[in-house]
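1. Fold the stuff below for me.
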Amino acid sequence: MKMTWKKNVSDGKSKKRPIAFNPNLPFEDVNTSSDANSAAEPLKEDELLGKDGGSIKNTDDEAEKSRNIAREFEAQGNKLAEEGKYREALGKWEAAITLMPEKAVLHEQKAQVLLELEEPWNALKAATRATELEPSWAEAWITLGRAQLNFGEPDSAIESFDKALAIKPDSVEAQGDRQAASHLVKRRKQLHTTGLSANENRFLVGNQG
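-> Numbers count the residues shown, from 1 in each chain. Below you'll find the model as predicted:
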């Protein structure tokens, strides 16, 4: 399997989504009262908060700080992966995912590293999440197909490679990996016709690149 740590992830399709915060805003609903004087002080304070955007600004600052920390973890993970330190890279990306769970590239890179660490089931789950977040990203489908192939599911892998090719028809990686998956399916059928057990339908696939 060819490992690549791409900077131009998803060809611009990977969206940076803000983290969803649920802050306890410093104001509550104020019931209308005939006693205007009793409600005047808190209403004035709330209105000022609303006008200057203090609470919203604080929330935005926290979100941006979290995104910056996540980007630092991601960059550290990229460097570690390039150095072949896959377990350490995984830890950095896991930390980044905690802060930016909807960034597809983190899940896709996590899946690649898990394949290197010979954890195909966990890789399959991570790659599946990447395709859920970025269904139009061909590389995510390629990684999912490789995870399925390594997990011993060549039929599912072919479907994933077909989806990748539908998005990116000229992908050499998807074409080559689809051929490998097709070869395994044909081999399985040949084994069945020779009288071997019908359970002989799972294959462990080594590195393709």
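2. Can you name the element that comes right after the lowest-mean-pLDDT helix or strand in the chain?
-> Scoring the helices and strands of the chain by mean pLDDT, DSSP states H and E places helix 36-52 at the bottom, with a mean of 47. Sequence-wise, the next helix or strand downstream of helix 36-52 (DSSP states H and E) is helix 54-82.
3. Show me which residues of that next one are buried.
-> Neighbour counts over helix 54-82 (16 or more other CB atoms under 10 Å) mark 55, 59, 66-67, 70, 73-74, 76-78, 80-81 as buried. For every residue, glycine as well, the C-beta is placed using N, CA and C.
4. Then stretch 178-197?
-> Of the residues in stretch 178-197, those buried by neighbour count under the rule 16+ other CB under 10 Å are 178, 180-181, 184, 188.
5. a markdown table for those, including pLDDT and secondary structure?
-> Rendered in a markdown table, the data for the buried residues of stretch 178-197 read as follows (pLDDT from 0 to 100; DSSP: H, G, I helix; E, B strand; the rest coil):
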| residue | pLDDT | secondary structure |
| --- | --- | --- |
| R178 | 95 | helix |
| A180 | 93 | helix |
| A181 | 94 | helix |
| L184 | 91 | helix |
| R188 | 85 | helix |
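6. can you redo these as JSON lines with distance to A166?
-> Listed next are the buried residues of stretch 178-197 as JSON lines, based on distance: CB to CB, whole Å:
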{"residue": "R178", "distance to A166": "12"}
{"residue": "A180", "distance to A166": "19"}
{"residue": "A181", "distance to A166": "16"}
{"residue": "L184", "distance to A166": "21"}
{"residue": "R188", "distance to A166": "25"}
